[in-house]
Every structure is written in C-alpha cells, then in structure tokens.
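Chemist: return atomic coordinates for the entry below.
(2 chains)
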Amino acid sequence: QKEVEQDPGPLSVPEGAIVSLNCTYSNSAFQYFMWYRQYSRKGPELLMYTYSSGNKEDGRFTAQVDKSSKYISLFIRDSQPSDSATYLCAMSLNSGYSTLTFGKGTMLLVSP
Amino acid sequence: DAMVIQNPRYQVTQFGKPVTLSCSQTLNHNVMYWYQQKSSQAPKLLFHYYDKDFNNEADTPDNFQSRRPNTSFCFLDIRSPGLGDAAMYLCATSRVRTGPTDTQYFGPGTRLTVL
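Modeler: Model (predicted):
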C-alpha cells in the first residue's frame, strides 16, 4: 500500500460545479496536511495548509481533514476554467523542516 | 515579493554532458530542498540543506550533487545526465519548525531535456 493515494483523474467538470478532490493515507503520524496547485509546466503553489483534523476555508476553497479515517479533501466551489490544474496533496509529520509525502496529483479540467 | 527563483526555466543538455541548475530565494529560509518530478508523478525528494548541513536521500543516485554557497543560493549538479534524468527539477524552501503554519514553498521549476 502506497503511503498516500490520490486518484490521478482527469476530473472534468463544467464551470460553476463544486469539485471534490481527495487523498487517503496510511501513516497515522501525519499531522500537517497541504494542498498544492500545479499548473502545467510550473512549480507547485501552496493552496491550503491545515493542522490535524478539522476544516479550513479560504474563499472558494475548503480543506477537510479526517484523521480517524486517514482521509483529506479539498472542495472547490463555483469552479472556474482558471482552476484547471493538477492538485497535489501533501502531508508531513512536523511543520517547517519536515519531509513532505506527496500524492501523485489529480488533474482537474473545468470547461467554460 | 519574496520568492523562490529557479534558472534556467528550460535546460537542454546532451547525454553525459554535465549540467547545473540554480535556485535562489529571498525568503531567508534555513532549509532548501531539491525535488525531481517526472510526468504525472509526485515530486521525489533528492536532498536538502539545513543551513550548510547536507542531507541526501538514501535512493538519490550518485550522479546528483548539490552545493549551497550561502543562505540564498543552492545548485543542483547532474554529473552525467542520462535519458532517465529528463524531468522537472523543483527547488523548495522552508523555515525550521517554528509553528503550525510553516511549510515548503516551491520555485517554478527547471524542465530538463536530455538528448
């Protein structure tokens, strides 16, 4: 079993749809959870950062962590064509100086 | 704006010809990381520097070396690139753990092509 599992997609949705992206993981010691957005041929850009279980909202984006199920989600409301990108989940044992374990990324395509 | 800068953005080299990729940061972060990312794969950590202390991942090939002459700059040297080394190379930085909001910040990447 891989440490972090993420469906590679592509996930195709129409503009305005609510998008749900998910990752599961096996190491219960992970405490910090991140979502990075990566446009084609660019570096990953930090989108959301959460600690332990719970929800965090930032504009159209909501990150959810359920440590009991080892499951994290990213919701995008009112999706836009500019949201078309690959979304990588990442997690670590500690904040700051710590190895990040990434999922392979889910490609999202939002059509106008 | 404070940021992580990588040069060049695109690099073409020949099989076996040494190549150097550079990364600079204005974030004044202690830690700098180099990742390799192949198409549709997760970034793979090659090594990182905590200040001047070099930390190599166990499975990083000897063909890959790194230098960090000062806090702001870090270089990735590929001594004899093979076709399998064609990838996006990502530089990232972070502070040492200081609180629950610190994580890694990535540069735009250098896409390496090996002919």
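Chemist: okay, CA-based contacts and neighbour counts for the rest of this
Modeler: Fine.
Chemist: can you pull out the strands in chain A?
Modeler: Using DSSP state E, the strands of chain A run over A:4-5, A:11-14, A:19-25, A:32-38, A:45-51, A:54-58, A:61-66, A:71-76, A:85-92, A:101-102, A:106-111.
Chemist: so which of these comes closest to B:H29?
Modeler: Ranking these by distance to B:H29, with Cα to Cα as the measure, places strand A:45-51 first at 16.1 Å.
Chemist: follow-up on the earlier one: save the strands of chain A as TSV, and put in mean pLDDT too.
Modeler: Rendered in TSV, the data for these read as follows (pLDDT from 0 to 100):
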stretch	mean pLDDT
strand A:4-5	93
strand A:11-14	97
strand A:19-25	97
strand A:32-38	94
strand A:45-51	90
strand A:54-58	92
strand A:61-66	96
strand A:71-76	97
strand A:85-92	94
strand A:101-102	92
strand A:106-111	96
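Chemist: and A:S73, bridged to which residues?
Modeler: With beta bridges defined as DSSP bridges, A:S73 has these partners: A:N22, A:Q64.
Chemist: B:F64: neighbour count?
Modeler: When neighbours are defined as other Cα atoms under 10 Å in any protein chain shown, B:F64 has 17 of them.
Chemist: just checking, it touches B:G82?
Modeler: No - B:F64 is beyond contact range of B:G82, at 11.2 Å (criterion: Cα atoms under 8 Å).
Chemist: and the helix or strand hosting B:T113, which strands flank it?
Modeler: In the assignment (DSSP states H and E), B:T113 maps to strand B:110-114. In the sheet, strand B:110-114 lines up against strand B:10-13 (parallel), strand B:87-94 (antiparallel) (DSSP bridges).
Chemist: so what pairs up with B:S22 in the strands?
Modeler: B:N7, B:F75.
Chemist: give me the neighbour count for A:K70.
Modeler: 16.
Chemist: so it is in contact with A:A29, correct?
Modeler: No - because the distance of 10.0 Å does not satisfy Cα under 8 Å, A:K70 is recorded as not touching A:A29.
Chemist: next, the buried residues of stretch B:64-72.
Modeler: Along stretch B:64-72, the positions that meet the burial threshold by neighbour count (16 or more other Cα atoms under 10 Å in any protein chain shown) are B:F64, B:Q65, B:S66, B:R68, B:T71, B:S72.
Chemist: would you check that the second one makes contact with B:I78?
Modeler: Yep, that's B:Q65 we're talking about. Yes - taking contact to mean Cα under 8 Å, the distance of 6.4 Å between B:Q65 and B:I78 places them in contact.
Chemist: which residues does A:N22 contact?
Modeler: With contact taken as Cα atoms under 8 Å, 6 or more residues apart in numbering or on different chains, A:N22 is in contact with A:Q6, A:D7, A:Y71, A:I72, A:S73, A:L74.
Chemist: and these, which of them are buried?
Modeler: Neighbour-count burial within the contacts of A:N22 applies to A:Q6, A:Y71, A:I72, A:S73, A:L74; the criterion is 16+ other Cα under 10 Å.
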